[in-house]
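**Q** The following comprises the amino acid sequence and a computationally predicted model.
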Amino acid sequence: MNRQILLISNPGNPNDVNYVRTTETAIDRWESFFRSPIGGYWQDHEILRYGEDNQIDANEFKRLLTPLNTVQCDYSVIVFCGHGACTTNDKDAIQLPIPSPANNNLIAVDDLVNPAISSVRRTVILDACRSLIPYTSTQLFEQREYSSVYTIDGIECSKYYNSLIMQSSPHVEVLYSTSEHEKAYGSISGSQYSDIMSNLVRARLLYWKALAIQNRYGQFCYSMCELQKDLTTELVKRNIQVPEYRIIGTAEASFPFVALHLPTEKTLYVDDAVVEVIRE
């Protein structure tokens, strides 16, 4: 399966009052999740990352998108954490990390969505402000954390993850961390959005662990749609920001965010001691 992730952070100019250094931490969190067995087990050759130390402008970014918009790419994920806005004609845009002055650093979200390309399977996660501005240009989840119940095989999880993607018809899912014309807020550990994402996935996995001890076998999937619903609930409770979720195209099923496949051989641990090996 041909997959590609683009991870982009833009904290802004260090000399600006709205510089947000924790965007890199938030992207660290997303990357660590996607590399984990439950997050799709993405490998080095499938991940491209851009930020303060690896900057990119709009022209280069559009060149990167070109192969992702063809049938040769089965599934793509784009995660952006940083500065974004909404133009006066209600068009969302993100600001790419290029040196100041930023003459060519705006990308319209419409360019990421590509509704005209019927073959695209894509998830877009935008952890950025959507404030109205008057411009017109356009190691979190590691193997050892979950070994206290069963050893998790990243390759098997990846196969399950990929199968869920291919079961869905081509479409694009867009996860916004906030609503139109509103801000998105950071935190000392990244961003409010990524913090809650982390907590939600941990809670889901704790629940899965309890079920796994009883049921022994099975598969666990947490979809992008379910994730955004839960994120919305938690952020509304905090009265911080209200996320939004869009589907472009016809979706028979939402793409997976977490995909956990129980291996055929399972080793049960108690206090780091092996107490049982279960085989199908």
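**A** Perfect, I can see it now. Numbering: from 1, shown residues only.

**Q** Run through the helices of the protein in chain order.
**A** 23-35, 58-68, 109-113, 154-167, 192-215, 224-238 (DSSP state H).

**Q** Would you pull up how far the fifth one lies from the middle of the chain?
**A** When you say that, I think you mean helix 192-215. Its chain's C-alpha centre lies 16 Å from the corresponding centre of helix 192-215 when counted by CA atoms, centre = their mean, to the nearest Å.

**Q** tell me which residues in it are buried?
**A** 192-198, 200-201, 204-205, 208, 212 (16 or more other CB atoms under 10 Å). Every C-beta, even on glycine, is put in place using the N, C-alpha and C of the backbone.

**Q** ditto for the third one
**A** Of the residues in helix 109-113, those with enough neighbours to count as buried (16+ other CB under 10 Å) are 109, 112-113.

**Q** Also the last one?
**A** Of the residues in helix 224-238, those buried under the neighbour-count criterion (16+ other CB under 10 Å) are 224-228, 230-232, 234-235.

**Q** What is the burial count for the spatially closest residue to Q241 that is not a sequence neighbour?
**A** Leaving out its chain neighbours, the residue that sits closest to Q241 by CB to CB, 6 or more residues apart in numbering is T178, at 4.0 Å. By the criterion of other CB atoms under 10 Å, T178 has 24 neighbours.

**Q** thinking again about what came up before, I'd like the buried residues of helix 192-215 as TSV, with distance to G249 and pLDDT appended.
**A** TSV is the format used below for the buried residues of helix 192-215 (distance: CB to CB, whole Å; pLDDT from 0 to 100):
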residue	distance to G249	pLDDT
Q192	29	84
Y193	24	87
S194	26	86
D195	30	87
I196	27	89
M197	24	88
S198	29	87
L200	26	89
V201	26	87
R204	27	85
L205	30	81
W208	30	77
A212	34	62
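
**Q** Make a markdown table out of those residues and add distance to D57.
**A** Listed next are those as a markdown table, based on distance: CB to CB, whole Å:
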| residue | distance to D57 |
| --- | --- |
| Q192 | 28 |
| Y193 | 25 |
| S194 | 25 |
| D195 | 30 |
| I196 | 31 |
| M197 | 28 |
| S198 | 31 |
| L200 | 34 |
| V201 | 33 |
| R204 | 38 |
| L205 | 39 |
| W208 | 42 |
| A212 | 47 |
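
**Q** Considering these, which is situated nearest to W30?
**A** S194 (6.6 Å; CB to CB).

**Q** For K237, see how far away the closest one is.
**A** In this view, S194 and K237 are 17 Å apart by CB to CB, to the nearest Å.

**Q** you'd agree S187 is up against Y193?
**A** No. Using CB atoms under 8 Å as the test, S187 is too far from Y193 to be in contact (9.1 Å).

**Q** circling back: now do the contacts for the residue nearest to Q241.
**A** Listed by CB atoms under 8 Å, 6 or more residues apart in numbering, the contact set of T178 reads 128-130, 184, 193, 241-244.

**Q** and S189, what does it touch?
**A** With CB under 8 Å, 6+ apart, S189 has these contacts: 22, 25, 29, 195.

**Q** Identify the bridge partners of the closest residue to the second one other than its chain neighbours.
**A** By the measure of CB to CB, 6+ apart, the closest residue to T25 outside its immediate chain neighbours is G190, 4.4 Å from it. Beta bridges link G190 to S187, judged by DSSP bridges.

**Q** how close does G190 sit to V71?
**A** For G190, the distance to V71 - CB to CB - is 35 Å.

**Q** higher neighbour count, those two?
**A** G190 (25 against 11).

**Q** doesn't T22 make contact with the more buried one?
**A** Yes. With contacts counted by CB under 8 Å, G190 reaches T22, the gap being 5.3 Å.

**Q** Show me where the stretch 151-280 of the chain dips below the pLDDT cut-off.
**A** The model of the stretch 151-280 of the chain has pLDDT under 70 over residues 151, 209-218, 262-280.

**Q** could the contacts of S189 go into CSV alongside distance to S119?
**A** Below are those laid out as CSV (distance: CB to CB, whole Å):
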residue, distance to S119
T22, 36
T25, 35
R29, 30
D195, 35
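
**Q** List the contacts of L48.
**A** Contacts of L48 by CB under 8 Å, 6+ apart are 4-7, 64.

**Q** Mark which of these are part of strands, please.
**A** Among the contacts of L48, DSSP state E puts 4-7 in strands.

**Q** ok, those vs A93, which is closest?
**A** The closest of these, once distances to A93 are taken by CB to CB, is L6, at 16.1 Å.
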